[in-house]
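Asker: Sequence isn't available, so here's the structure alone:
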């Protein structure tokens, strides 16, 4: 008997075509883009990141440097993209930087007197953290952001980071109480700043719940309904699904293949409840949500 796993196709997923007008337009804006993490090396993590896919995928396509946020992570803001002078991403937040205002990024979590501080952080991805008390958060402010450079103000001085560079800044030590065992310890926060510069940000409409994906050269008008789902040990096989839908993954940049996996599981995972709804914007971008009222008829 062979030990090789076999690909099976026992199920099919029905989907619903929705007009693009039923979804609010996504954000597509070219702006200066900045990433910051505030890490606390030496602490023992008490929380581990569990995200299966990162929130954002940076990559280049057809000469465009893009950061693709496929699910809604943008903090609420009154102004629209035309009034932004930049976008700042941290381990805890994606935030627009409005014109004429300094920006203090979210670099830790807080629940009353308890703080969740990052031990090892990845922007828009998984981070490990530790819960502490008696923590004095370092003051970090973005005072200027231009195409050529960004200026970050800290308690120990101001730092100008040119486009394309990164900076690691050791901040003053401080003492905290560990939530896990009530012991006190001294920590040395480390601020990391990366400034890739001008990027095109793709993001779902911030007031909506849909997921946003590239087109993958899919034509919804030509897509089967239901879609036969290739599986391996009863789990969706996203590479085989691409072949089923005539999506040429080999011609796509590797980061976009990660987005394809997120799309495949978000839309065609046979174990999910609800019927997926798909729409295609005039740009080709895909919007996805799920009609939870159609649980009983989403598969088969």
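Answerer: Alright, I've got the coordinates. Model, not experiment: these values are computed from the prediction.

Asker: When you work out contacts or count neighbours from here on, use the C-alpha atoms and nothing else.
Answerer: OK.

Asker: Can you pull the poorly scored residue ranges out of the stretch 151-300 of the chain?
Answerer: 292-300 (pLDDT under 70).

Asker: Count the residues that sit near residue 219.
Answerer: Residues contacting residue 219 under the criterion other C-alpha atoms under 10 Å number 12.

Asker: go on, residue 180?
Answerer: 11.

Asker: List the residues that contact it.
Answerer: By C-alpha atoms under 8 Å, 6 or more residues apart in numbering, the contact list for residue 180 reads 46, 131.

Asker: any idea how far it lies from residue 117?
Answerer: 13 Å (C-alpha to C-alpha, to the nearest Å).

Asker: what sits in contact with each of those two?
Answerer: Contact criterion C-alpha under 8 Å, 6+ apart; residues bridging residue 180 and residue 117 by contacting each: residue 131.

Asker: Residue 256: what secondary structure?
Answerer: The three-state label given to residue 256 by DSSP: H, G, I helix; E, B strand; the rest coil is helix.

Asker: Could you report the distance from it to residue 250?
Answerer: If you go by C-alpha to C-alpha, the gap between residue 256 and residue 250 works out to 10 Å.

Asker: next one: residue 90
Answerer: Residue 90 is 31 Å from residue 250, by C-alpha to C-alpha.

Asker: same question, residue 271
Answerer: Distance from residue 271 to residue 250, by C-alpha to C-alpha: 27 Å.

Asker: Could I get the full set of helices for the protein?
Answerer: 238-244, 254-268 (DSSP state H).

Asker: Out of the ones you listed, flag the one nearest residue 33.
Answerer: helix 254-268 (18.2 Å; C-alpha to C-alpha).

Asker: And this protein, what are its domain boundaries?
Answerer: 7-24+208-297, 27-203 (automatic domain parsing).

Asker: beta partners of the nearest residue to residue 103 once chain neighbours are set aside?
Answerer: Closest residue to residue 103 apart from its sequence neighbours, by C-alpha to C-alpha, 6 or more residues apart in numbering: residue 142 at 5.1 Å. Assessed by DSSP bridges, residue 142 has beta-bridge partners residue 103, residue 152.

Asker: Out of the helices of the chain, which is the most enclosed?
Answerer: Comparing those by mean neighbour count (mean count of other C-alpha atoms under 10 Å), helix 254-268 ranks first with a mean of 19.

Asker: Which neighbouring elements make contact with it?
Answerer: Helix 254-268 sits against strand 56-61, helix 238-244, with contacts defined as 3 or more C-alpha pairs under 8 Å, 6 or more residues apart in numbering; DSSP states H and E.

Asker: And the strands in the stretch 101-250 of the chain, which stretches?
Answerer: 109-111, 114-120, 128-133, 141-145, 149-154, 157-162, 166-170, 174-178, 184-187, 190-203, 211-213, 227-232, 235-236 (DSSP state E, counting those that start in this stretch).

Asker: winner for burial among those?
Answerer: strand 211-213 (a mean of 24).

Asker: can you list contacts of it?
Answerer: 26, 69-72, 203-204, 259, 263, 285-289.

Asker: Serialize the residues you listed to a markdown table and add fields for distance to residue 230.
Answerer: Output for these, formatted as a markdown table (distance: C-alpha to C-alpha, whole Å):
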| residue | distance to residue 230 |
| --- | --- |
| 26 | 31 |
| 69 | 27 |
| 70 | 24 |
| 71 | 25 |
| 72 | 29 |
| 203 | 29 |
| 204 | 29 |
| 259 | 18 |
| 263 | 15 |
| 285 | 24 |
| 286 | 22 |
| 287 | 23 |
| 288 | 20 |
| 289 | 22 |
